[in-house]
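# Need coordinates for the below:
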Amino acid sequence: MILEKVPVLGALETNVYFYVDDETNRGVIIDPGAEATKLAEIIRKKEWIIEKILITHGHFDHIGAVEQLHEKFDIPYFIHKNGEKYLTDISYNLSVFYEPYIVLKDANFFEDGDAFSIGKNNKAQLQVIYTPGHTTDSVIFYDYKNGIAFSGDTIFKNSIGAVHFPGGDARQLADSVFNRIFKLPEETLLYSGHSDVTSIKAEKSRYYNYD
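All right, here's what the predicted structure looks like:
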């Protein structure tokens with residue numbers, strides 16, 4: 001598998017991820033938040049076939065390039081079923097504070113436990129794990145075969161997501177982190193929306209004492 005992180009800069013810098021099968025050049029893009037032209041050029045240069053756009057949550061800095069990539073390459077995009085409010089309401093996706101406003105109406109919706117297969121012979125499978133708290137639609141995409149998870153803004157290196165935006169809830173976020181994410185194998189690597197890579201073991205060590 002090919003995992004490529006591409007930082008993009010809009011109002012905020014956000015990590016975009018390409019996750020691609022190296023045998024077939026088919027894969028997904030996760031959280032294309034800005035700089036659609038830059039992302040499109042990478043797709044063309046690498047000759048990748050991006051089959052899906054996967055969204056961890058519907059904030060503007062994670063969806064800003066979705067429409068352009070959707071139109072340019074005819075790529076369908078997917079978000080948790082609670083994400084419709086974020087995609088269609090500029091107050092919820094926070095683009096009300098920036099220009100242009102973002103309204104997306106052609107999304108496909110998934111639920112907790114759904115999975116997306118990538119590559120030849122299902123070389124990777126990204127399972128949806130619902131992790132509300134930062135937003136009501138937040139998820140992580142977990143590849144158990146390869147031991148990685150794309151964690152959006154639910155958890156970062158040395159930090160967790162903010163809860164003061166519409167739909168944020170501190171208790172839900174704590175439950176998502178401690179009872180969902182921290183239940184995954186400790187060697188799992190976490191690729192977040194705004195930090196360097198970390199691991200579940202490293203993040204758990206901030207809360208638990210290890211001998």
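# Mind telling me which residue is nearest the centre of this protein?
residue 56 (3.4 Å; CA atoms, centre = their mean).
# could you pull out the helices for the protein?
36-46, 60-63, 66-73, 84-88, 170-179, 200-204 (DSSP state H).
# Of those, flag the one that's most buried.
Most buried of the helices of the chain, by mean neighbour count (mean count of other CB atoms under 10 Å): helix 60-63, with a mean of 26. Quick note: C-beta positions are derived from backbone N, CA and C, even for glycine.
# what residues does that helix touch?
With contact meaning CB atoms under 8 Å, 6 or more residues apart in numbering, helix 60-63 is reached by 10-12, 14, 31-34, 55-56, 87, 93-95, 98, 102, 104, 152-153, 193.
# again, only using 6 Å
10, 12, 14, 31, 33, 93, 94, 95, 102 (CB atoms under 6 Å, 6 or more residues apart in numbering).
# Could you point out the bridge partners of the third one in the sheet?
According to DSSP bridges, the residues that bridge with residue 14 are residue 8.
# check contacts around it.
Contacts here follow CB under 6 Å, 6+ apart; on that basis residue 14 touches 8, 33, 61, 193.
# any chance of the residues you listed in a markdown table, with distance to residue 68 and pLDDT too?
Listed next are these as a markdown table, based on distance: CB to CB, whole Å; pLDDT from 0 to 100:
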| residue | distance to residue 68 | pLDDT |
| --- | --- | --- |
| 8 | 12 | 98 |
| 33 | 12 | 97 |
| 61 | 15 | 97 |
| 193 | 19 | 97 |
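# closest to residue 78 among these?
Nearest to residue 78, judged by CB to CB, of the contacts of residue 14 is residue 33 at 15.6 Å.
# so how many other residues sit close to the closest one?
Residues within reach of residue 33, counting by other CB atoms under 10 Å, total 27.
# Now it: closest residue in space, sequence neighbours ignored.
residue 14 (3.8 Å; CB to CB, 6 or more residues apart in numbering).
# Which pLDDT does the model give the closest residue to residue 18 other than its chain neighbours?
Closest residue in space to residue 18, ignoring its immediate chain neighbours: residue 4 at 4.5 Å, by CB to CB, 6+ apart. Predicted confidence (pLDDT) at residue 4: the value is 98.
# Sounds good, over and out.
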